[in-house]
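Participant: I would like the atomic coordinates for the input below:
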Amino acid sequence: MNVLVATDGSKYGLWELNWVAKLPLVERPCVMVLHVLDIAALRAPFLAQPVMAGNERYIKEEIRRMETRSAKVLKEAKQQLASLKLKGTVRREQGAVAPTILKRSPKRDGLLVVGSQGLDALDRFMLGSVSTNLIHHATCPVFVVKGEAVPLRRITLATDGSDSSAKALAFVLSKFQPDRSTGNGGRAPIHVSVIHVMPFVKYPGLKGAGEKLIEQSVRKLVKAGYTAEPVCQLGKPAEEIMKVASKQHADLIVMGAKGMGAIARFLLGSVSTRVVQHANCAVLIIR
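Facilitator: Now for the predicted structure:
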């Protein structure tokens, strides 16, 4: 599997590669670590507007600092690839961060791994979060790292009957091994909580349809070698998905992206976007 790891030299970059090494992938990953240098985004200290005439000295000093830091990022990434025994390459490109990452990301049958910077609400509204931008526009699955890598023991899989949630289930079944090493030579199955969130509406067949949907998913997972349980919830999808993941101590949330239009996303909020922004564990978004 082709895996693109986008790093900026922060702790997230270290976590991202560690996650790639720990994920129970069926196919050995071929990794490209990409560091994007966005010189055009330079800003004067404490100012919101781009650097203007009169600040050339600051620009030159900042470019030198960025170049030095970039060289360090590339060196550390190469060392980490070697220490983790991951096959791959390291490269640097210059340009706007999100578009450059999207240009290099796998088209379909691959994985894009990014860190969540945790921008506050004002920054996200004004500038846009890179990870949020990527989950909206990437054509391949996007793995968003929220913390240090851990062995994958428990997964929360969200399903709503859509094509994207069916693809999320298919990804887990085809790309992940159903069990993990216990560290003493043994193997233990990964546990999957399949969650379907229903709205607060009185419709006689809705509950039954939801239960049937998750039972079908549970059977497929158990047949593949996982342990699995169905979870039916009432409420708002994003909040209930995160609540279940927290209660179950999930290491990863897997869900589809519906790709709502810009107006609907602004008014209602994308479920996958909310989960990526606020979940406490890693999130894998499947398109």
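
Participant: Mind giving me the packing neighbours of the helix or strand where L284 lies?
Facilitator: Assigned by DSSP states H and E, L284 belongs to strand 282-286. Here strand 282-286 touches strand 142-145, helix 163-175, strand 252-256, helix 271-278, going by 3 or more Cβ pairs under 8 Å, 6 or more residues apart in numbering; DSSP states H and E. To be clear about C-beta, it is placed using only N, CA and C from the backbone, and glycine gets the same treatment.

Participant: in its sheet, what does the next helix or strand after the first one sit against?
Facilitator: On the C-terminal side of strand 142-145, the closest following helix or strand by DSSP H and E is strand 154-158. Looking at strand 154-158 with DSSP bridges, its partner strands are strand 191-198 (parallel), strand 252-256 (parallel).

Participant: Just the mean pLDDT for strand 154-158, thanks.
Facilitator: For strand 154-158, mean pLDDT rounds to 97.

Participant: could you give the angle of it to helix 271-278?
Facilitator: 150 degrees (axes from the mean of the first three to the mean of the last three Cα atoms, to 10 degrees).

Participant: can I get the CA coordinates of strand 154-158 in PDB?
Facilitator: Presented in PDB, the C-alpha positions along strand 154-158 are these (Å, rounded to 0.1, in the frame of the first residue of the first chain):
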ATOM      1  CA  ARG A 154     -10.300  -1.400  19.700                       C
ATOM      2  CA  ILE A 155     -12.000   0.300  16.700                       C
ATOM      3  CA  THR A 156     -15.200   2.300  16.600                       C
ATOM      4  CA  LEU A 157     -16.700   1.800  13.200                       C
ATOM      5  CA  ALA A 158     -19.500   4.300  12.300                       C
END
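
Participant: which residues sit against it?
Facilitator: The contact list for strand 154-158, computed with Cβ atoms under 8 Å, 6 or more residues apart in numbering, reads 165, 168-169, 172, 190-197, 217, 221, 237, 241, 244-245, 248-256, 275.

Participant: With mean neighbour count, mean pLDDT and distance to T7 as added columns, please give the helices and strands packed on strand 282-286 in CSV.
Facilitator: Formatted as CSV, these follow (neighbours: other Cβ atoms under 10 Å; pLDDT from 0 to 100; distance: least, Cβ to Cβ, whole Å):
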stretch, mean neighbour count, mean pLDDT, distance to T7
strand 142-145, 25, 95, 10
helix 163-175, 18, 94, 22
strand 252-256, 26, 96, 20
helix 271-278, 22, 89, 18
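
Participant: could you dump those to JSON lines with distance to V130?
Facilitator: Output for the helices and strands packed on strand 282-286, formatted as JSON lines (distance: least, Cβ to Cβ, whole Å):
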{"stretch": "strand 142-145", "distance to V130": "10"}
{"stretch": "helix 163-175", "distance to V130": "22"}
{"stretch": "strand 252-256", "distance to V130": "19"}
{"stretch": "helix 271-278", "distance to V130": "11"}
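
Participant: I am finished for the moment; much appreciated.
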